[in-house]
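# I would like to see how this sequence folds:
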Amino acid sequence: MTHARLEKLAASLRTSDLDAVILNPGPTLTYLTGLHFHLMERPVVLFVAPGQDPVLVLPELELPKLDHLTYKLQAVAFGETPSEWGNAFRKAAQMLGLDGKRIGVEPRQLRLLEFGYVMAGAPKAEFPDASLVLSALRLKKDQAEVESMRRAVHIAQNALEAVIPLIKIGMTERELASELVVQLLKNGSDPELPFAPIVASGPNSAVGHAFPIDRKLQAGDMLVVDWGAAYDGYISDLTRTFAVGEADTEFQKIHKIVQEANAAGRAAGRPGIPCAAVDKAARGVIEQSGYGKYFTHRTGHGIGMEGHEEPYMRGDNLQVLEPGMAYTVEPGIYLTGRNGVRIEDDVVVTASGTDCLSDMPRQMRVVG
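Numbers count the residues shown, from 1 in each chain. Below you'll find the predicted structure:
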């Protein structure tokens, strides 16, 4: 599989204006090689050029990870003396003849640390943005990838269901988030979660990307839980909103509107339509209800090995949906200083529509 993916990248490079790409640890490197490295003080960079075996610059201590590779990869290892690390990068660039060439980079992932070593190793090279070439590789998921994401969804759902009976008035957001992390791991998530769970109550629930604090849950709060699991490197990203005690009439109404917007967004997806149509379908429900100005973000984003990747469900995005694309549908209404509601599901485009990977109840549930 990894060999085929590297060949696909090589084919894409041949039809682009790039001579090579460089990748440091992250989803794209793992997708192409099957290798896992973490970002640290020791640089790791993969060089890929068409017609040549990839070259990986890495610390000597990481060499055992290459013992069982099923494809050809040239390793340039360095020791613990930082003053000698530059030699490894010069050697890698020379092996592929990259000085003076156009070497594509992944701007959202590449650190200045690795970039500095590569530039020093190929001082006459240019470094254009390779985002379009690289994102296209992972844009459409195969069946194995979809099944890993489905497993990640089930793990996440089971984890939150295990936590719901523990939610009590007086419990802090931080305590609830901690219980959820434990259950995610107990239910089989990869140790590296896709993101830290968002647990936001009352006024905090009206903040899109809130962070759990020591605020205690109170009667009348809306409680937004945005969480996910990872399985075999693929992630889930879900949100449900609960009522702590009985919600007042307005927030019961708002929850129902967001639920309908979520359903409209999920139903809108199918091959051949632009991403903007998904945003329009969900946003239209909220706008027609009179709460349009309180829906302050896009309707969704792509998911896979990253929590946010292509495609994006934005009103101006005319990218056309194709089978295998996976994304979230997560409309929300946020009344600053009071309460907020968001409901989020994960879907994959099929030949005729979409397959919703998540099925946890979306109606308002009372906790506490």
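# in stretch 240-254, what counts as buried?
Buried residues in stretch 240-254, defined by neighbour count with 16 or more other CB atoms under 10 Å: 240-244, 247, 251, 254. Where C-beta positions appear, they are placed from N, C-alpha and C, glycine not excepted.
# do you know how far residue 347 is from residue 295?
According to CB to CB, to the nearest Å, residue 347 and residue 295 sit 19 Å apart.
# typed the wrong thing, it's residue 337
17 Å.
# Shouldn't residue 46 be within a strand?
Yes - counting by DSSP: H, G, I helix; E, B strand; the rest coil, residue 46 is found in a strand.
# So which other helices or strands are in contact with the helix or strand harbouring residue 104?
Using DSSP states H and E, residue 104 sits within strand 103-104. The contact analysis (3 or more CB pairs under 8 Å, 6 or more residues apart in numbering; DSSP states H and E) places strand 103-104 against strand 20-23.
# Now do the strand it packs on: everything it contacts.
9, 13, 29, 32, 45-50, 96, 98, 101-106, 109-110, 114, 118, 130, 133-134 (CB atoms under 8 Å, 6 or more residues apart in numbering).
# C-terminal to that strand, what's the next element?
Next element after strand 20-23 (DSSP H and E): helix 27-33.
# Which elements pack onto that next one?
helix 2-14, strand 45-48, helix 131-139.
# mind running it again at 6 Å?
helix 2-14 (3 or more CB pairs under 6 Å, 6 or more residues apart in numbering; DSSP states H and E).
# on that earlier part again, how far away from the center of its chain is the next helix or strand after the strand holding residue 104?
Next helix or strand after strand 103-104 toward the C-terminus (DSSP H and E): helix 112-121. In terms of CA atoms, centre = their mean, to the nearest Å, the centre of helix 112-121 is found 26 Å from the chain centre.
# What average pLDDT does helix 112-121 get?
Average pLDDT, helix 112-121: 97.
# most centrally placed residue in the protein?
In the chain, the residue lying closest to the centroid (CA atoms, centre = their mean) is residue 307, at 1.3 Å.
# Which residue, other than its chain neighbours, is closest to it?
Leaving aside its chain neighbours, residue 307 sits nearest to residue 194 (4.7 Å; criterion: CB to CB, 6 or more residues apart in numbering).
# Correct me if wrong, but the one you found is in a strand.
No - using three-state DSSP, the assignment for residue 194 is coil, not a strand.
# could you pull out the strands for the stretch 51-200 of the chain?
Listed in chain order, the strands of the stretch 51-200 of the chain (DSSP state E, counting those that start in this stretch) span 55-59, 74-78, 103-104, 198-201.
# any chance of those in a markdown table, with distance to residue 149 too?
Output for the strands of the stretch 51-200 of the chain, formatted as a markdown table (distance: least, CB to CB, whole Å):
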| stretch | distance to residue 149 |
| --- | --- |
| strand 55-59 | 27 |
| strand 74-78 | 31 |
| strand 103-104 | 27 |
| strand 198-201 | 20 |
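# which one of these is the most hemmed in?
strand 198-201 (a mean of 27; mean count of other CB atoms under 10 Å).
# Against which helices or strands is that strand packed?
Checking 3+ CB pairs under 6 Å, 6+ apart, strand 198-201 ends up next to helix 173-186, strand 222-227.
# what residues does the following helix or strand past the last one touch?
Looking back up the chat, that one is strand 222-227. Using DSSP H and E, the helix or strand that follows strand 222-227 in sequence is strand 230-231. Residues outside strand 230-231 that contact it (CB atoms under 6 Å, 6 or more residues apart in numbering): 148, 151-152, 189-190, 194.
# and if we set it to 7 Å?
148, 151-152, 155, 188-190, 192-194 (CB atoms under 7 Å, 6 or more residues apart in numbering).
# So what are the sheet partners of the helix or strand just after it and their directions?
Downstream of strand 230-231, the first helix or strand assigned by DSSP H and E is strand 234-235. If you go by DSSP bridges, strand 234-235 pairs up with strand 230-231 (antiparallel).
# Give me the mean pLDDT for the strand it pairs with.
98.
# still on that earlier bit, just the buried subset of the contacts of strand 230-231, written out for ChimeraX, thanks.
Of these, the buried ones can be selected in ChimeraX as follows, counting by 16+ other CB under 10 Å:
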select :148,151,152,155,189,190,193,194
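# Not counting sequence-adjacent ones, nearest residue to residue 77?
Per CB to CB, 6+ apart, closest to residue 77 is residue 60, 4.6 Å.
# is it true that that neighbour touches residue 76?
No - at 10.5 Å, residue 60 does not count as touching residue 76 under the criterion of CB atoms under 7 Å.
# Any idea what the closest residue to residue 91 other than its chain neighbours is bridged to?
In space, and not counting its chain neighbours, residue 91 is closest to residue 76: 5.3 Å by CB to CB, 6+ apart. With DSSP bridges as the criterion, residue 76 is bridged to residue 57.
# how close does residue 76 get to residue 96?
For residue 76, the distance to residue 96 - CB to CB - is 11 Å.
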